[in-house]
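Peer 1: structure of the sequence below:
(4 chains)
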Protein chains: 2
Amino acid sequence: MTSSDLTWDLFRSFLAVLREGSLSGAARALGMTQPSLGRHVRELEASLGVPLFSRASHGLVPTDAALELQPHAEAMASAAASALRAASGAKDELRGVVRITASEVNGVEVLPPILAAMHRRSPGIVFELSTTNRTENLLRRDADIAVRSSPPDQDALVARKVCVIPIGLYAHADYLAAAGRPKTLADLTRHTLIGYDEETPYIRATRPAGMPYQREFFSLRTDNDLAGLAAIRAGFGIGACQVPLGRRAGLVRLLPKSVDIALPIWVVMHEDQRTSLRIRTVFDHLVEGLAAYGGSRTSPKLLTSGA
Amino acid sequence: MTSSDLTWDLFRSFLAVLREGSLSGAARALGMTQPSLGRHVRELEASLGVPLFSRASHGLVPTDAALELQPHAEAMASAAASALRAASGAKDELRGVVRITASEVNGVEVLPPILAAMHRRSPGIVFELSTTNRTENLLRRDADIAVRSSPPDQDALVARKVCVIPIGLYAHADYLAAAGRPKTLADLTRHTLIGYDEETPYIRATRPAGMPYQREFFSLRTDNDLAGLAAIRAGFGIGACQVPLGRRAGLVRLLPKSVDIALPIWVVMHEDQRTSLRIRTVFDHLVEGLAAYGGSRTSPKLLTSGA
DNA sequence: TGGAAGTCATACAAAAATGTATATCACACC
DNA sequence: GGTGTGATATACATTTTTGTATGACTTCCA
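Peer 2: Numbering: from 1, shown residues only, chains lettered A, B, ... in the order given. Presented below is the predicted three-dimensional model:
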C-alpha cells in the first residue's frame, strides 16, 4: 500500500542537486555537506536502478531519467511547503502564512492596498505574494490562493468570479496636449501606441471590433503590463490599462464607447484548504476587496456565507 | 527558497501514524519501530509548534491541525509513488509500471482485453488498475492515466475523447419469454426495471425524452453498474448497459430507437508524463483500443502522431 | 474480577548517517 | 603556462538515529 521503503529525503536531496546543478551547491542550499548529498544520490540511483546523473568535474549532469523524475519531486516539494504553511497557523486562529499568486499588475497595483487593509484587521497573517504572469500551479500547491483572469477549470478548486474589470484606452494629458485627442478608432493610426509584444489567445479574443491593430502599429511593444502602464503615465503615448488604475493615476480615458474590453477576475483556492480559517478569511477578504476595486454592484459570494 | 530544514521523512511518518491510527501500526506499515515513529511525531510537533495528536492508550487521536495537514502529506505520498513508477521504466524502453484508473464497468468489462493485447505486445509493462467510480485525482498523481466519461477540465492534463459508447436497454431472452417484450416506452411501466440508486447530474442530463422514470419505478436499485449488468444477465428484468457489453453478453436490445444515450470516453494523462515513452505508449494503446471498442469510425488522435 | 492483548513511554546498546579533512581533477583567467 | 577556484571522491571520527528490552497503562472479554 505505502510506497516502497524509499526515504522521502532522497527525493529532497535529488531535487536540490537537480536545481543547483552540483552536490556542493545542493549541500549549501540544504545546509548539509557535499559527501552526504553524494551518498544520497548514489543511494537513490541504487534503489531505483537508474543512473540519475553523469558525474562531471564541474557538476552533475542530469540524465533523461532524472529529468523525467523531476516534476514528481517538485510536486513533493510543493506539497511539503504547503504543509508548512498549513501548520503555520493554528486551526482556530487568524495567524500563519498565506501564499498568494497574481499577475504582475494585480500584484503590484491592485493587491497591496487590499492586503494592507487585511493586515490591519488581522495582523497575525503573513502574506507571501508571488507575482507572475504565467498561471501558477495551484494543482501543485505552489500557492494557497490565486487571483486570475481566467476561470480555473478544476474540480478540486474553489473559485469565485468576483468582478469584471473594465479595460480602457488611456493617455497622459501632456501627450494629448502635444499630439491631439483621437475622436475615432481610425484616428489611432496617427498616434503613438503602446501595446503587447506577443499575441496571446486572450488578446486575440478580446480585440474590439473595428480595432484591427496588430503589434506592427505599436511604437512600444511590451508584455510587461507594468512597463506599459508606466509608459502611459510618462506620456509616451496611448495604451490600454484597467479603468480603475487609469482613473487613479489621473490619466485621460479615450474613446470609452468604442473600446469596451472586460477582464474577469477570479479568486481561486484549493478545496482542501476550505477548513483552514486563515485561508478562508484571506479568500473572503480578497473577494470583497477585489469586488470593491472592480466596482461590482452585486454583493460577492463568500465562503463563510456559503458554508 | 527551499522549504525549511524539515526532513520530508517526518511527513512520511506522520502520514503513516495518521492512516494507521497508532505508532505501533505505523511502525508495522513502514517497517520501522514504534519508538522511532514516536520520536518522529514529537519532532514534527516541535518543529511546527503545533500538537498533532492527543496520546491515548489505545492509539493516537489526531488534532484538528493534523487533519488540516493530512491532504498535503497525502499529496507528498502520491507524488513519491508517482516518482517511483516513473523510475520503474528506463526512458527509452517499453517497461515499467503504469497505473490506470477507470470506472468499475470499464475496469472489469472493457479494459482487460485491451490491456491483455497491450501486454502481449509489450510484456515489459506492468499495469496497476485502480477501479473506482469516483473520479480519482490525477492532480495528485494517484494514477498515471485515467479513463473517464467526463472531460477533464484541467490545464495540466492531456486528454483525448476517444469514442462515444452507446447505452441501450437490454434484457435476457428468458425474461422476455416470460414477461413479454415492450413495444413502447410506456410499456416499460408494466416491466421489472433495473436502475440507479442515487440520481447523479449525469443521469439527470441524459434521461431520454419521454422516459420520466425515476428510481421509484425500479425493482432493483443499485449504483454498482456491475451488479446491474449481472442482474440483467440473470434475467431479473430490463436495464441499461453499454451496447457493446449487451451485445457481447448475448442480451436482447429493446426499443433501440427510443433510447439513445451516449457515454463519452476520455483518456487522460498528466502533461508531465508526455516525455515518458511507456506512458505515452499505454495512452495511445488505450485510445486505439477504446476507439475500436466504442466503434468509432474516425481514426483516433494519438500522442505520437501529434507530437 | 482477572487475564490477555493492545497501546505509549523510557533507558540503553547498536547501527547508520553525518561531518571533517584531504586528495584529485577540470576549467577559467591572468 | 601557472595559479586559483570549484567540483567530486574517499577515509575516518563523531554525532545522530534507530532498534531492543522493559515497564506502566487501558481496553476488552471471559
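
Peer 1: these two touch, right, A:R148 and A:W266?
Peer 2: Yes - between A:R148 and A:W266 there is a contact under Cβ atoms under 8 Å: 4.8 Å. The C-beta positions use only the backbone N, C-alpha and C, and glycine is treated the same way.

Peer 1: and A:A83, what element?
Peer 2: Applying DSSP states H and E as the criterion places A:A83 in helix A:64-87.

Peer 1: mean confidence score for that helix?
Peer 2: The pLDDT scores in helix A:64-87 average 90.

Peer 1: so what angle separates the directions of it and helix B:64-87?
Peer 2: Computed by axes from the mean of the first three to the mean of the last three Cα atoms, to 10 degrees, the angle separating helix A:64-87 from helix B:64-87 equals 180 degrees.

Peer 1: which strands or helices does helix A:64-87 pack on?
Peer 2: For helix A:64-87, the packing partners by 3 or more Cβ pairs under 8 Å, 6 or more residues apart in numbering or on different chains; DSSP states H and E come out as helix A:8-20, strand A:96-102, helix B:8-20, helix B:64-87.

Peer 1: who does the third one touch, helix- and strand-wise?
Peer 2: Read it as helix B:8-20. helix A:8-20, helix A:64-87, helix B:23-30, helix B:34-48, helix B:64-87.

Peer 1: now the ones you listed as CSV including distance to DNA strand D and mean neighbour count?
Peer 2: Below are those laid out as CSV (distance: least, Cβ to the nearest atom of the strand, whole Å; neighbours: other Cβ atoms under 10 Å in any protein chain shown):
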stretch, distance to DNA strand D, mean neighbour count
helix A:8-20, 7, 23
helix A:64-87, 13, 23
helix B:23-30, 7, 20
helix B:34-48, 4, 17
helix B:64-87, 16, 23
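
Peer 1: of all those helices, which one is nearest A:V158?
Peer 2: Set against A:V158 and scored by Cβ to Cβ, these come closest in helix B:64-87, at 13.5 Å.

Peer 1: ok, that closest one near DNA strand C or not?
Peer 2: No - Helix B:64-87 is not in contact with DNA strand C by Cβ under 7 Å from any atom of the strand; minimum separation 13.3 Å.

Peer 1: what's the angle between that helix and helix B:34-48?
Peer 2: Using the same axes, to 10 degrees: helix B:64-87 against helix B:34-48 is 110 degrees.

Peer 1: mean confidence score for stretch A:110-120?
Peer 2: Mean predicted lDDT for stretch A:110-120 stands at 86.

Peer 1: likewise stretch A:272-282?
Peer 2: 86.

Peer 1: touching that stretch from outside, list them.
Peer 2: A:86, A:89, A:91-96, A:98, A:100, A:118, A:122, A:125, A:127, A:144-145, A:156, A:158, A:269, A:303-304, A:307, B:67-68, B:71-72 (Cβ atoms under 8 Å, 6 or more residues apart in numbering or on different chains).

Peer 1: hey, C-alpha coordinates of it in PDB?
Peer 2: Once non-C-alpha atoms are left out, stretch A:272-282 reads as follows in PDB (Å, rounded to 0.1, in the frame of the first residue of the first chain):
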ATOM      1  CA  ASP A 272      -8.500  21.100   0.800                       C
ATOM      2  CA  GLN A 273      -8.000  24.500   2.400                       C
ATOM      3  CA  ARG A 274     -11.600  25.100   3.000                       C
ATOM      4  CA  THR A 275     -11.200  24.000   6.600                       C
ATOM      5  CA  SER A 276      -8.500  26.500   7.200                       C
ATOM      6  CA  LEU A 277      -9.800  29.600   8.900                       C
ATOM      7  CA  ARG A 278      -7.000  31.800   7.900                       C
ATOM      8  CA  ILE A 279      -7.100  30.900   4.300                       C
ATOM      9  CA  ARG A 280     -10.800  31.100   4.100                       C
ATOM     10  CA  THR A 281     -10.600  34.500   5.700                       C
ATOM     11  CA  VAL A 282      -8.000  35.800   3.200                       C
END
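
Peer 1: and that stretch, what's buried?
Peer 2: A:272-273, A:276-282 (16 or more other Cβ atoms under 10 Å in any protein chain shown).

Peer 1: next one: stretch A:142-155
Peer 2: A:142-149, A:152, A:154.

Peer 1: and of these, the nearest to A:S258?
Peer 2: A:S149 (22.0 Å).

Peer 1: looking at the helices and strands packed on helix A:64-87, which is nearest to A:L44?
Peer 2: Minimum separation from A:L44 across the helices and strands packed on helix A:64-87 (Cβ to Cβ) falls at helix A:8-20, 4.3 Å.

Peer 1: contacts for the helix or strand harbouring A:V147, please.
Peer 2: Taking DSSP H and E as the criterion, A:V147 maps to strand A:145-148. For strand A:145-148, the surrounding residues in contact (Cβ under 8 Å, 6+ apart) are A:98-103, A:106, A:111, A:135-136, A:138, A:152, A:265-269, A:279, A:282-283, A:286, A:290.

Peer 1: recalculate using a threshold of 6 Å.
Peer 2: Strand A:145-148 has contacts (Cβ atoms under 6 Å, 6 or more residues apart in numbering or on different chains) with A:100-102, A:106, A:138, A:266-269, A:283.

Peer 1: about what we covered before: which ones among the buried residues of stretch A:272-282 lie within strands?
Peer 2: In strands, judged by DSSP state E, none of the buried residues of stretch A:272-282 are found.

Peer 1: how about whichever residue of the stretch 101-250 of chain A sits closest to DNA strand D: what's its closest non-neighbour residue?
Peer 2: Going by Cβ to the nearest atom of the strand, DNA strand D is nearest to A:R141 of the stretch 101-250 of chain A, at 25.3 Å. By the measure of Cβ to Cβ, 6 or more residues apart in numbering or on different chains, the closest residue to A:R141 outside its immediate chain neighbours is A:S82, 3.7 Å from it.

Peer 1: near chain B, which residues of chain A show up?
Peer 2: A:2-3, A:5, A:7-9, A:12, A:29, A:31, A:48, A:50, A:64-65, A:68-69, A:71-72, A:75-76, A:79-84, A:86-87, A:91, A:139, A:153, A:156, A:272, A:275-276 (Cβ under 6 Å from any Cβ of the partner chain).

Peer 1: I'd say A:E45 and A:F53 touch.
Peer 2: No - counting by Cβ atoms under 6 Å, A:E45 stays clear of A:F53, with 7.9 Å between them.
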